[in-house]
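> Sequence and predicted model, in that order:
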Amino acid sequence: PSLLDLRCKQAWLQKELTEAILGQGAVELDLVATRDNVLGGLCTQLGVDESTGAISQGTHASAVSVRFDGENAVGEGVRRDFLTLTTKELLDPATGLFTSKDGGRTLQPHPHSELVAGGDHLSHFALLGRITGISMAHKEPLNAAWSYGFIKAAFGYKILIDDLKHIDADLFKTRVEFMRNASEEELAALDERFCYETMDDVSGVLEPCPLKEGGSEIVVNKANVEEYLQLWVEYRIVGSIREQVDRFRQGLGVTLKENVRQRLIECCTVTELQLIVC
């Protein structure tokens, strides 16, 4: 399947998603939105718990139609307008849900979104996952410039050390390339352990986060530097935003079922998936 061109992959995905939303017993989901508060009541309508972001039992993929309160218009154009407005509000930097590490070109979840956006931040990521699934099912790419790392994490691609190049080229050079090429003596001088320093949300103090059991006692050397870099990059890309990614994937999973998601990541590159979704 990976040898097929993008049009064939899109056609296959569309067939799978259409079958999911029009399966046995499926009914059309009629959403009612308000233009001056487009997210108001949306969690309830899409089966997302407003406090935890958990997906309600019985929530299933459905064809979706949208109507704005006080307006009579319906159809694909209205749904497209709704998807554009909801995505714009959820991705607005002012909300604190997303941040950029490349000057605003791409976005990824803010690791401290709870502090910035509030205690209900996870419900917004689940909601965005639901919106993404709906947009994919209806062939409506989102105006969402998500980072390479977030796309990989959200759809379940394996995180590789070299992925850091796409996210922070300078850090890849100064951290990964330096440690890969360092001598045993240079690594010993660094005295690096299998830990990642992270800032405590309350105290603001940097604290060590073990990358594996007993990591604070394991010194990095030539024999284990690749293992260390793999774990360090995984934490750098996913570890600090794991809750946000998990909720997004749960919301997305209502439409994009596990078997389809697995086949999707087998046949599509990350770049191809970015083109399909965004």
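The structure has been received and is ready for your questions. Numbers count the residues shown, from 1 in each chain.

> Hmm, G253 and R130 touching each other?
No - contact status for R130 versus G253: not in contact, 9.5 Å apart, counting by C-beta atoms under 8 Å. The way it works is simple: take the backbone N, C-alpha and C, and place the C-beta from them, glycine included.

> so how far is A63 from A144?
To A63, A144 is 22 Å away according to C-beta to C-beta, to the nearest Å.

> let me fix that: A26
Distance from A26 to A63, by C-beta to C-beta: 7 Å.

> Checking E207 next. Helix, strand or coil?
Of the three states, E207 takes strand under DSSP: H, G, I helix; E, B strand; the rest coil.

> how far away is it from S216?
Between E207 and S216 the distance is 11 Å, computed by C-beta to C-beta.

> Touching stretch 266-278 from outside, list them.
When contacts are defined by C-beta atoms under 8 Å, 6 or more residues apart in numbering, stretch 266-278 is touched by residues 1-2, 4, 6, 9-10, 12-13, 132, 135-136, 141-146, 148, 151-152, 155, 157, 264-265.

> again, only using 6 Å
P1, S2, L6, K9, L142, A144, W146, Y148, I151, K152 (C-beta atoms under 6 Å, 6 or more residues apart in numbering).

> Output those as JSON lines; include the columns pLDDT, distance to S56 and secondary structure.
Converted to JSON lines, the contacts of stretch 266-278 look like this (pLDDT from 0 to 100; distance: C-beta to C-beta, whole Å; DSSP: H, G, I helix; E, B strand; the rest coil):
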{"residue": "P1", "pLDDT": "65", "distance to S56": "33", "secondary structure": "coil"}
{"residue": "S2", "pLDDT": "69", "distance to S56": "36", "secondary structure": "coil"}
{"residue": "L6", "pLDDT": "91", "distance to S56": "35", "secondary structure": "helix"}
{"residue": "K9", "pLDDT": "93", "distance to S56": "32", "secondary structure": "helix"}
{"residue": "L142", "pLDDT": "94", "distance to S56": "23", "secondary structure": "coil"}
{"residue": "A144", "pLDDT": "91", "distance to S56": "25", "secondary structure": "coil"}
{"residue": "W146", "pLDDT": "92", "distance to S56": "26", "secondary structure": "strand"}
{"residue": "Y148", "pLDDT": "88", "distance to S56": "32", "secondary structure": "helix"}
{"residue": "I151", "pLDDT": "93", "distance to S56": "26", "secondary structure": "helix"}
{"residue": "K152", "pLDDT": "93", "distance to S56": "28", "secondary structure": "helix"}
